[in-house]
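Trainee: Predicted structure and sequence below. I'll ask about it afterward.
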Amino acid sequence: MLDRAPQETQDETRPRPVAFRGAGFTPSAGRYSGWIALALVIAFWQLAGSAGWVNALFLPPPSAIVAAIYKLALSGALWQHLSWSVMRIGSGWILGTIAGVIVGFGIGLSTLARGVGITFISALFPIPKIALLPLLILWLGIGEEPKIATIALGVFFSTAISVYSGVDAVPRNLIRMAQSFNVPFHLIVRRVIWPGALPSILAGFRITASVALLLVVSAEMIGAQYGIGAFVLQAGNLMQTDQLLAGVVILSVFGLVVGKGINLLEARLLHWR
Amino acid sequence: MDLIADHISHRFGTLDVLDNVSFTVRAGEVVAIVGPSGCGKSTLLSILGGLLRPSEGQAELRGAPPAGSLNPLTFVFQDFALLPWCTVEANVEFPLVHTALGKSERRAVVDDALRRTGLTDFRGAYPKQLSGGMRQRVGIARALAVRPAILLMDEPLSALDAQTRELLMEDFIRLLADGSMGAVYVTHNLEEAVRLADRIVVLSRRPGRVREVVSIPMTRDERGDINARGKLLAIQNDLWSLIREEAIDAEREVQHA
């Protein structure tokens, strides 16, 4: 039996379709699947809360969180906390970004700055910047300055790295082309290197935005009266888990909004890609 | 204006790339540089155009550049070297921005360069929207905009398909027809060399030395004639026999490296 050919041999003289074997390996995000999954998880969470499967003290249902956010918004507390956090993130991010872009360009363009800069950045980048907050408080006092400085430091290193990587990634042939037309140095920087490095710089913004958010919450938890981080910590201490999660949701929305903003910036500035 | 390679030698680290290369490109003349892979053709062109400092010898200019030339030695690159974030128009205008030309003069120069390369209708397009041939036309328009005395062309057609190469070759022949502009044309394609060049400098295998300088004894117009084909093919075959053995060695060497 085993050495006999299968009974149903195909008639090889007749044309037959070539078997398709190119399927798969091309995942694409469905338009609604993500939203449906999210809605299902929230619905299940709500059900678990309403049906009493989980203790609302440890995991309040989504409806309680929405109610908490609503109350916070009405009382004005939400805006107070949010505005402090936004002020700290905004100032820290802007300071860190300006310094990071300047240093990043220096490292990308100058041999001396590269030698010195990369050494220092390699040594200091791995330090969790929040660990420097106590030192910064000693140096700068207990006001806003140490929090803003912590955020600025965190943003600075990531920005500097993404900027000099971006400058390094500008195709050398474009720079040589500009040199072959005697284009002066400052115009090469402005018209070739800056736009060429922009994709990497904007990708860096995405990272530094989340670094800034992480650091503002940590810094506010360590020492602040107002701010989303301080609010979340207080709510935890008082076992107000609905308020605690309201703070977390607000942070998440804040992160999403910033991410969308960077998407818009990319679409506008990098439309040529 | 003449361009002179004066005893140029070059090495990268311990690797000798060029050895004592000398020749002159006279005003309005088209000189092709051919040779086996890795013989230093592109390195030589970079040295001639002032983008690379030779280890020994130098590139020299003799005589005044033509009036109104903004960049006497102008490159056309193999990979086009277009700014992807600029439109066709802005790419052509790029080498003019730092010059003394006013806005309206720049506009006129750009319009003229676009017209000569058939790009007028594509002025608002971005490089990614264009075919390879059109991209290289933008590179040529940009070069024309600065009114060069000598075009330095580094394998300008080798990134293109055969049909596009043919079309652009016709453009080159047209643009170089009036002799107002010379060219150094680096290629590994001998057919391109015999169709375009007045003289062909044959380099040896690395380190590149001038092995022979071959003159093409007819005008570019005459070469279009069907009767000239045989003669050109014979020259092409002679060139190939000069290069073939070394090309085989060069290919083996690359594979072993």
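Mentor: Received the coordinates, thanks. Bear in mind the structure is a predicted one, so any value in this text is a computation, not a measurement.
Trainee: quick one: average confidence on stretch A:258-273?
Mentor: For stretch A:258-273, the mean pLDDT works out to 92.
Trainee: and what of stretch B:240-255?
Mentor: For stretch B:240-255, the mean pLDDT works out to 82.
Trainee: Equivalent analysis for stretch A:173-188, please.
Mentor: The average pLDDT within stretch A:173-188 is 96.
Trainee: Also stretch A:48-62?
Mentor: The pLDDT scores in stretch A:48-62 average 91.
Trainee: which phi and psi does residue 84 have?
Mentor: As the question left the chain open, I've gone with chain A. phi -60, psi -50 (degrees, to the nearest 10).
Trainee: From residue B:20, how far out is residue B:8?
Mentor: Separation of residue B:8 from residue B:20 (Cβ to Cβ, to the nearest Å) stands at 7 Å. Glycine gets a C-beta too; all of them are placed from N, C-alpha and C.
Trainee: Any idea how far stretch B:64-83 is from the middle of the chain?
Mentor: In terms of Cα atoms, centre = their mean, to the nearest Å, the centre of stretch B:64-83 is found 10 Å from the chain centre.
Trainee: Briefly note if it comes near chain A.
Mentor: Yes - using Cβ under 8 Å from any Cβ of the partner chain, stretch B:64-83 reaches chain A at B:71, B:73, B:74, B:75, B:77, B:79, B:81, B:83.
Trainee: quick one on the thing from earlier: between residue B:8 and residue B:20, which one's more packed in?
Mentor: Between residue B:8 and residue B:20, residue B:8 has the larger neighbour count (other Cβ atoms under 10 Å in any protein chain shown), namely 24 against 15.
Trainee: Next up, the contacts around the more buried one.
Mentor: B:18, B:20, B:21, B:22, B:44, B:47, B:54, B:56, B:57, B:58, B:59 (Cβ atoms under 8 Å, 6 or more residues apart in numbering or on different chains).
Trainee: Of those residues, which is the most crowded?
Mentor: Most neighbours among the contacts of residue B:8, by other Cβ under 10 Å: residue B:44, with 28 neighbours.
Trainee: Might one say that that residue is in contact with residue B:21?
Mentor: Yes - here residue B:44 reaches residue B:21: they are 6.2 Å apart, a contact under Cβ atoms under 8 Å.
Trainee: Quickly list what's touching both of these two.
Mentor: Common neighbours of residue B:44 and residue B:21 (Cβ under 8 Å, 6+ apart) are B:5, B:8, B:203, B:208.
Trainee: Hmm, which of those is lowest in pLDDT?
Mentor: Checked by pLDDT, these have residue B:208 as the lowest-scoring entry (89).
Trainee: For residue B:250, see how far away it is.
Mentor: The value you get for residue B:208 to residue B:250, if Cβ to Cβ is used, is 11 Å.
Trainee: what sits in contact with each of these two?
Mentor: Jointly contacting residue B:208 and residue B:250 under the rule Cβ under 8 Å, 6+ apart are residue B:39.
Trainee: Return the backbone torsion pair for residue A:31.
Mentor: Main-chain torsions, residue A:31, degrees, to the nearest 10: phi -80, psi -40.
Trainee: Give the helix, strand or coil label for residue B:214.
Mentor: strand (DSSP: H, G, I helix; E, B strand; the rest coil).
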